[in-house]
Each structure stands twice: as structure tokens, then as C-alpha cells.
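how does the following fold in three dimensions:
(2 chains)
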Amino acid sequence: MQPPRLTGVLVLVAVLAAAGAFGWWRRRRDGRLRVVAPAGDASHRAALAALGVRPGTVTLVQFSAPVCAPCRAARRVLEDVAGRVDGVALLEVGVEEHLDRARELDIWRTPTVLLVDGAGRIVRRAAGVPDRADLLAALAPLTHEVRA
Amino acid sequence: MLLDPRGPRFAAALTTVVLAVALVTGSGWLVLAQAVVFALTAAHPRLGPYGLVFRAVVAPRLAPPVELEPFAPVRFAQLVGLAFATVGAVGWLAGLPLLGLVATAAALAAAFLNAAFGLCLGCEGYLALRRLTGRPLAARVPLPPR
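Now for the predicted structure:
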């Protein structure tokens, strides 16, 4: 072993500080539901239809990958939410099989969850595991709309 | 194949310590040793030395796991770590200390994020990489059971 080097120590401190700040920032943002405005883009609608999103149904679309560990947690949240709200369909899309659709829908990370309303428009988007309560709150007005 | 998720997390913590020591001492051999650990773990999770320590020493002292995670993301992370550690070791040992420093620092950042936040940087970047290259990287990775 060589004696400790000042450069190595400085790089170590810088790396830990930068990674710590990034990790903290990411944890705060992860899974946050974002309002998509303006809702509904024609090309997005076509891509969603090609993936099997049915018109007239509120759908939660989850993009997953074989190397994605949090995808399982996201799936559990979505299944739980769909079990609590009537008339919500779930659709899990493997990005490996649908790389072109992932490009069209601007998906960069897995899991990404899209909330699609009955008119086939994307109204919310979350990268990461979404929060159950946030999803339920976002779904409430939509499912009402579909039922009415 | 399913794993106790605390195993890879523990392994990431050990990896962080090893890479931190390697960075401070500038030891290419230590980075090379870590590369071998990455390679063994990627080859089979039961072969991973850190996983062995976890199962022998740590797991018996913990409550049984409440959930299991698939091996595919863990393997992918190990392969990303292997790539960086290999470049780092080659850098130090071939007399390119800047290369060694940068590659080791990158591997350390990823290991630290995994250990401290449970964030798998390689897995996060996977789709972005696939989108940019369009190459079937995942063909070598087994699908998790659904």
C-alpha cells in the first residue's frame, strides 16, 4: 500500500459530497406525479393506442425493464390503486419490446407511469415509483368523468 | 433467481469502502480485486464474495426478508461496476493515474448511491443507453419471473 495521497482524499470527499447531494435530490423528486400540459398529443395518442390503451377507459401505463428493481414496487402500487378505484385499467409495457414507443412517448427511465384519461390523453406522468395517495387523488376526477 | 435485497445493498456498502480506500491509496491492485468481485457476482450471485459474507455473517442476525428482488438488475449493476473498475485498474496499473482516478471515482459514486439511497445508477441509465444505442444489451440478461 502506498501512503494516502492528497488528490485521492480530495476526490473521495468531492465524490461523496456530490453523490450524496444528488441522491438526496433524487429521493425528493422520485415518483412525483407531474401534470402534463397541454394534455394529449396526437402522436402520443397513436403510440398509446398501439400499445393497447383502449379509448373510453382510464388507464395507468407502466413502462418497465428487465433490469429495473423498483418496477416491482411500482407495479404493487398500481395494482393496489386499481383495486381501490373502479374502471381503471392497468397496462405494463416492456421497454425492451417497445423501444420505439418509449422513444415516441419520451420515456427515459423505468419505471415511468403515465395516467391516461378516457379520451386517450396523458394527464399525469411520474418517473420512479409513484405515491399511492397522489395517484388516487389524480384518478378521482377522471374516473368520475368516465362513470358519469 | 430471487435475492434478499439487503444483500446487494450490503455488498454496495463494502464496495464503497474498498473503492474509497483504493482511491486514497491509488492502489490499482485493490481496484482490480474489486473488479474480480464484480465479475464473480455477475457470473452467479452465490459466487459473490460480499454476498457470501452477507449470508454467513449479516443475514443470520437480521429478520427474514419481507420481499425478494430479481437478480437481473443486480447483475446489470455488477457488469456496469465491472466495466468501470476494469478501466480504473488498467489506468492505475498502466501508469495512467488520471484515468484510474476518474474511473474509480465513477464506480465509487455509483456504489455509494446504491449503498446510501438504494439507487441503482446503471439500472436507471439502462433505458437511456438503449434508446441512444438501440443495441440489444438485455439479450444477455435473463428476464425476472413475473
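
residue B:35 should be in a strand, yeah?
No: according to DSSP: H, G, I helix; E, B strand; the rest coil, residue B:35 belongs to no strand; its state is helix.

any idea which element residue A:61 lies in?
strand A:58-64 (DSSP states H and E).

now find how far off-centre that strand is within its chain.
Distance, stretch centre to chain centre, for strand A:58-64: 8 Å (C-alpha atoms, centre = their mean, to the nearest Å).

strands paired with it, and their directions?
strand A:88-94 (parallel), strand A:112-116 (antiparallel) (DSSP bridges).

and those strands, which is most packed in?
Each of the strands paired with strand A:58-64 was scored by mean neighbour count; the highest is strand A:112-116, a mean of 25, by mean count of other C-beta atoms under 10 Å in any protein chain shown. The way it works is simple: take the backbone N, C-alpha and C, and place the C-beta from them, glycine included.

which strands or helices does the helix or strand residue A:43 falls within pack on?
Assigned by DSSP H and E, residue A:43 falls within helix A:42-51. For helix A:42-51, the elements it packs on are strand A:58-64, helix A:99-104, judged by 3 or more C-beta pairs under 8 Å, 6 or more residues apart in numbering or on different chains; DSSP states H and E.

next, name the residue at the spatial heart of the chain.
Just going to use chain A. Taking C-alpha atoms, centre = their mean, the centroid of chain A lies closest to residue A:112, which sits 2.2 Å from it.

ah, no, chain B please
residue B:78 (3.6 Å).

chain center to the helix or strand encompassing that residue: distance?
In the assignment (DSSP H and E), residue B:78 maps to helix B:71-93. Put simply, helix B:71-93 sits 6 Å off its chain's centre (C-alpha atoms, centre = their mean).
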